[in-house]
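*Asks:* sequence first, then the predicted structure, then my questions.
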Amino acid sequence: MLVLFDLDGTLIDSRRGIEHSLRMTLEQSGVNVAEDHDFTPLIGTSLWKIFEHYLATDDQAVLDGAVARYRHIYRDGPMFEYDIYDGVPDMLIALHHAGHRVVIATAKAHEYAREVIATSSIASHISHVYGSELDGRNVEKRDLLKHILKEEGASADDMVMVGDRHHDVDGAEHNGLRSIGVLYGYGTADELSSATKCVNHPRDIASTINAGF
């Protein structure tokens, strides 16, 4: 089985780094948000859509500029402001021992995602990292999963998408994949209700997959 994992909110809690970068980018764009503002509903959405929301514009040049500023800030340090969820390393080891192959499928630009994974303690458990392109291609999960299916030459029946947001579940359904929604991430139970299966803790992922769910 090829197991596709979302990154932010599924394997790592990267809220600190993402919120840090968003706040700085918005401030530089002339938008101030309250100290207690909750960015959670938009984590996992494409950067262009996030800035379209906060900057109240669909001007592509403005949005491209905001995305570029965010990426400069994020890469300068906040991208490493994350914690690996408790239970994730043991879960990945269990999947490996059961003969499954693990890859990352994230809306984050692949060059950033690969650097995060390469410098993490779980790098040895990840076979490949798939992500979006810097120009926005494959930033939508449905497009990324279509790309992965083509690259891997695998059947949708032999793949499963694991993620914490509706983008993961919807993208999987669009491409004929089963999905596991994780309830410990940034998404809600309601938005994950159409997942094939939902779990409450990383340790439940391997047992669910090994059981054939």
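*Replies:* Good, I have the coordinates. Numbering: from 1, shown residues only.
*Asks:* ok, then the element right after the helix or strand in which His53 is found?
*Replies:* Here His53, judged by DSSP states H and E, is contained in helix 47-55. Using DSSP H and E, the helix or strand that follows helix 47-55 towards the C-terminus is helix 60-75.
*Asks:* re earlier: could I get the average pLDDT for the helix holding His53?
*Replies:* Averaging pLDDT along helix 47-55 gives 95.
*Asks:* now do it: everything it contacts.
*Replies:* 22, 25-26, 29, 31, 33, 42, 58, 62-64, 66-67, 70-71, 136, 139 (C-beta atoms under 8 Å, 6 or more residues apart in numbering). For every residue, glycine as well, the C-beta is placed using N, CA and C.
*Asks:* where do the strands of the protein begin and end?
*Replies:* Here the chain has its strands, by DSSP state E, at 2-5, 12-13, 83-84, 101-109, 128-132, 159-163, 178-182, 197-199.
*Asks:* how far does the second one sit from the chain's center?
*Replies:* Right, strand 12-13. Taking C-alpha atoms, centre = their mean, to the nearest Å, one finds strand 12-13 lying 10 Å from the centre of the chain it belongs to.
*Asks:* give the residue farthest from the middle of this protein.
*Replies:* Gly30 (27.6 Å; C-alpha atoms, centre = their mean).
*Asks:* quick one: it from His96, how far?
*Replies:* 48 Å (C-beta to C-beta, to the nearest Å).
*Asks:* low-confidence regions, the chain specifically.
*Replies:* Regions of the chain meeting the criterion pLDDT under 70 are absent.
*Asks:* please parse it into its domains.
*Replies:* Here the domain assignment for the chain is 2-13+83-210, 15-80, based on automatic domain parsing.
*Asks:* out of the ones you listed, which is the most enclosed?
*Replies:* domain 2-13+83-210 (a mean of 19; mean count of other C-beta atoms under 10 Å).
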